[in-house]
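Novice: With the input below, show me the fold.
(2 chains)
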Amino acid sequence: NAGVTQTPKFRVLKTGQSMTLLCAQDMNHEYMYWYRQDPGMGLRLIHYSVGEGTTAKGEVPDGYNVSRLKKQNFLLGLESAAPSQTSVYFCASSYISEQYFGPGTRLTVT
Amino acid sequence: AQKVTQAQTEISVVEKEDVTLDCVYETRDTTYYLFWYKQPPSGELVFLIRRNSFDEQNEISGRYSWNFQKSTSSFNFTITASQVVDSAVYFCALSAPIYNQGGKLIFGQGTELSVKP
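Specialist: Take a look at the predicted model:
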């Protein structure tokens, strides 16, 4: 039982490049989330999903897109990376009220 | 609007001291959950406790204890006899019920605790 996993763990992008972050969970949770954490701040919600095939915007959605084609996977895409998207990205999944977090992806955009 | 405030940005103590981390929250929901997470230098988020809005009983787990007071909208966290391994950033978070925006978590800014030997 791996819980929540994230791929990759680290990535460096140049401005304008695109990439996709993958989150996978094996707990059969309906709800999944993408957060970003910036220095000196708590996590902020980017997008979330309440089930397969559904997504919704969170607090800071601009510059990101998401997809939930399979229940166990939640993808976060950056179409044209900007330095302001340098951050640590956390994925989480939830069943009732407790969110289980992945280990994080550290993304640097130069 | 929902908000979590952790007024203490950094706290430094000497090992074996007791330390309390403050958390004040704002919400209009009558049903909500409060959480504490620990983020050690390695970066992962470690779940410490969840408390629902109808349960104001204080909780103790080893050297950790939590004091939830709805009257003051506070959910404070105390570490007794602190140890160097307690050094980390601690986050307080508030969630709405799962049917409200997916039960998203609203995090405070975090309190960085440094325990010196």
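Novice: can you count the residues close to the residue of chain A found nearest chain B?
Specialist: The minimum distance from chain A to chain B, using CB to the nearest CB, falls at A:G42 (2.8 Å). Backbone N, C-alpha and C define where each C-beta goes, glycine included. Per other CB atoms under 10 Å in any protein chain shown, the neighbour tally for A:G42 reads 21.
Novice: That one and B:L94 touch, don't they?
Specialist: No: the criterion here is CB atoms under 8 Å, and A:G42 misses it with B:L94 at 10.6 Å.
Novice: Spell out which residues are contacts of both of these two.
Specialist: Contact criterion CB atoms under 8 Å, 6 or more residues apart in numbering or on different chains; residues shared by A:G42 and B:L94: B:V4.
Novice: excluding its backbone neighbours, what's nearest the residue of chain A closest to chain B?
Specialist: B:F107 (2.8 Å; CB to CB, 6 or more residues apart in numbering or on different chains).
Novice: residue contacts, that neighbour?
Specialist: By CB under 8 Å, 6+ apart, B:F107 lies in contact with A:M41, A:G42, A:L43, A:R44, B:V4, B:F91, B:C92, B:A93.
Novice: now, which of these lie within strands?
Specialist: Members of those lying in strands (criterion: DSSP state E): A:L43, A:R44, B:V4, B:F91, B:C92, B:A93.
Novice: contacts for the helix or strand containing B:N76?
Specialist: For B:N76, the enclosing helix or strand under DSSP states H and E is strand B:74-79. Contact with strand B:74-79 is made by B:18-25, B:34, B:36, B:48, B:51, B:63-69, B:86, B:90, B:92, B:113, as judged by CB under 8 Å, 6+ apart.
Novice: ok, of those, which come out buried?
Specialist: Burial by neighbour count, 16 or more other CB atoms under 10 Å in any protein chain shown: within the contacts of strand B:74-79 this picks out B:19, B:21-25, B:34, B:36, B:48, B:51, B:64-68, B:86, B:90, B:92, B:113.
Novice: ok, the helix or strand containing A:S49: who's next to it in the sheet?
Specialist: Using DSSP H and E, A:S49 falls within strand A:43-51. Partners of strand A:43-51 in the sheet, by DSSP bridges, are strand A:31-37 (antiparallel), strand A:54-57 (antiparallel).
Novice: Now do the last one: distance to the chain's middle.
Specialist: By that I understand strand A:54-57. Computed by CA atoms, centre = their mean, to the nearest Å, the chain-centroid distance of strand A:54-57 equals 12 Å.
Novice: Pull out the buried positions in that strand.
Specialist: For strand A:54-57, by 16+ other CB under 10 Å, it's A:T55.
Novice: returning to what we had before: okay, buried residues for the strand holding A:S49 please.
Specialist: A:L43, A:R44, A:L45, A:I46, A:H47, A:Y48, A:S49, A:V50.
Novice: burial of B:N100, as a residue count?
Specialist: B:N100 has 13 neighbours, counted by other CB under 10 Å.
Novice: What's the nearest residue in chain B when you look at chain A?
Specialist: B:F107 (2.8 Å).
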